[in-house]
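Chemist: need a 3D model of the sequence below.
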Amino acid sequence: MYDILGIGNAIVDVVAPAEHSFLSKHDMHPGSMTLIDADRAEALYAAMPPGAETSGGSAANTCAVAAALGSRVAFLGKVAGDQLGGVFRHDITAAGVHFPTAPLAEGAPTARCLILVTPDGQRTMNTFLGACVAFTEHDVDTALVGHATVTYLEGYLFDPPAAQAAFRRAAKAARAAQRQVALSLSDAFCVNRHRDAFRGLLPDVDILFANEAEVCALYEVNDFREAVDAARTDVSIAALTQSESGSVIVRGRETVRVRAAPAVLVDSTGAGDAYAAGFLAAYTRGRDLGVCGRLGSLAAAEVISHYGARPQADLREMADAVI
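Modeler: Numbering: from 1, shown residues only. Alright, predicted model coming up:
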């Protein structure tokens, strides 16, 4: 029924342009991702310049881009039964993504990520996780996992023990249904906190997505080539990105190098999410690794050419031309 099932943080993204002076004034390190509490979230939201609000979260962005590329997509993630939860549900459903997860009945409000984009295209994220960390193994629809070609797991969700149990249940259900599992490491911050747990999950992972910093953190090395070789032995496929240098995709002894697609960088938010979407959209249609990487690069190039992590161009034409 579905090409891709994403499991991750259900977050409302608020993306706004900002000067470096705004970051300094509010004690932000450019390019960082910082977890904040509810009070900090309210204060920053009130101080931010006007921005766009959309359903977000890394895996949710991947799902929305994949749907725009013509894939059949579903998503599991937790929101509250509040106004922002309604915004998330309406927005992701309108993007063509099936979202069956029941809202959190009581507790924390819906999560939000406040993203400041400086003139150099760098994004600085302040994330209040709220309800999304209440996702547990009981929220994993194992029947839905069985109906998806690939279940895509978001590393950002990996922090709570309950979410780690959810990942393991999803992976087990995928194995039982002879489906595949993809994992995004999401951020070196996540890897450094949960390196052993990530490594323990790899035997159940078919496709690993990571950038250079993340995969080097996973294997505790400084040499990207060494990390690539380590990933080659741990997973069936590793798709490893290097920003403007493109990506390296390995499968066993096979190595495919893909150039980055030309783009004018406006906002790097969601580049890795879009790359994974393009890759999986081609992969689930049976295309070779070179085509998968090419569509991933094109999707990422489109997303970074404007503010926000969602595409503005018609990606169906792009997908049809590449696939």
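Chemist: for the rest of this, base every contact and every neighbour count on C-alpha atoms.
Modeler: OK.
Chemist: what about Thr255, neighbour count?
Modeler: 16 (other Cα atoms under 10 Å).
Chemist: no, scratch that, I was asking about Asp27
Modeler: 9.
Chemist: list the contacts of Leu265.
Modeler: For Leu265, the contacting residues are 120-121, 304-306, by Cα atoms under 8 Å, 6 or more residues apart in numbering.
Chemist: what about it, is that helix, strand or coil?
Modeler: Under DSSP: H, G, I helix; E, B strand; the rest coil, the three-state class of Leu265 is coil.
Chemist: torsion angles phi and psi at it?
Modeler: The phi/psi pair for Leu265 (degrees, to the nearest 10) reads phi -70, psi 120.
Chemist: just the strands in the stretch 1-150 of the chain please.
Modeler: Remark: strands assigned in the stretch 1-150 of the chain by DSSP state E, counting those that start in this stretch are 2-7, 11-17, 33-35, 52-56, 73-76, 97-98, 111-117, 123-128, 148-154.
Chemist: report how many residues lie close to the closest residue to Pro30 other than its chain neighbours.
Modeler: Leaving aside its sequence neighbours, Pro30 sits nearest to Thr124 (Cα to Cα, 6 or more residues apart in numbering; 5.5 Å). Residue neighbour count, defined by other Cα under 10 Å, stands at 24 for Thr124.
Chemist: quick check: bridge partners of Thr124?
Modeler: With DSSP bridges as the criterion, Thr124 is bridged to Leu116.
Chemist: residues contacting it?
Modeler: 28-33, 115-117.
Chemist: if you rank the residues you listed by neighbours, which is first?
Modeler: Most surrounded of these: other Cα under 10 Å gives Leu116, at 29 neighbours.
Chemist: what about that residue, distance to Ala148?
Modeler: 34 Å (Cα to Cα, to the nearest Å).
Chemist: could you do Gly31 as well?
Modeler: If you go by Cα to Cα, the gap between Gly31 and Ala148 works out to 34 Å.
Chemist: distance of Asp141 from Gly77?
Modeler: Counting by Cα to Cα - Asp141 and Gly77 are separated by 11 Å.
Chemist: looking at those two, which is more packed in?
Modeler: Ranked by neighbour count (other Cα under 10 Å), Asp141 and Gly77 place Gly77 first, with 27 against 16.
Chemist: would you mind giving me the confidence score for that one?
Modeler: We have a pLDDT of 97 for Gly77.
Chemist: cool, and Leu35?
Modeler: For Leu35, pLDDT reads 87.
Chemist: number of nearby residues for it?
Modeler: 13.
Chemist: hmm, Val12 is touching Ala111, no?
Modeler: Yes - between Val12 and Ala111 there is a contact under Cα atoms under 8 Å: 6.3 Å.
Chemist: for the residue positioned nearest the centre of the chain, which non-adjacent residue is spatially closest?
Modeler: Nearest to the geometric centre of the chain sits Ser58, at 2.8 Å (Cα atoms, centre = their mean). Counting by Cα to Cα, 6+ apart, Ser58 lies nearest to Asp273, which is 5.9 Å off, once chain neighbours are set aside.
Chemist: what sits against Thr149?
Modeler: Contacts of Thr149 by Cα under 8 Å, 6+ apart are 2-5, 179-180, 284.
Chemist: including distance to Ser297 and pLDDT, could the residues you listed go into CSV?
Modeler: Putting the contacts of Thr149 into CSV (distance: Cα to Cα, whole Å; pLDDT from 0 to 100) gives the following:
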residue, distance to Ser297, pLDDT
Tyr2, 23, 98
Asp3, 19, 98
Ile4, 18, 98
Leu5, 21, 98
Arg179, 25, 98
Gln180, 22, 98
Thr284, 16, 98
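Chemist: all helices of the stretch 51-200 of the chain, in order?
Modeler: In the stretch 51-200 of the chain, the helices defined using DSSP state H, counting those that start in this stretch lie at 58-68, 83-94, 142-146, 161-176, 188-193, 195-201.
Chemist: can you tell which of these is closest to Met318?
Modeler: Met318 lies closest, by Cα to Cα, to one member of these: helix 58-68, at 10.0 Å.
Chemist: from the contact counts, what lies against that closest one?
Modeler: Judged by 3 or more Cα pairs under 8 Å, 6 or more residues apart in numbering; DSSP states H and E, the packing partners of helix 58-68 are strand 2-7, strand 73-76, strand 97-98, strand 148-154, helix 271-283.
Chemist: right, I'll leave it there.
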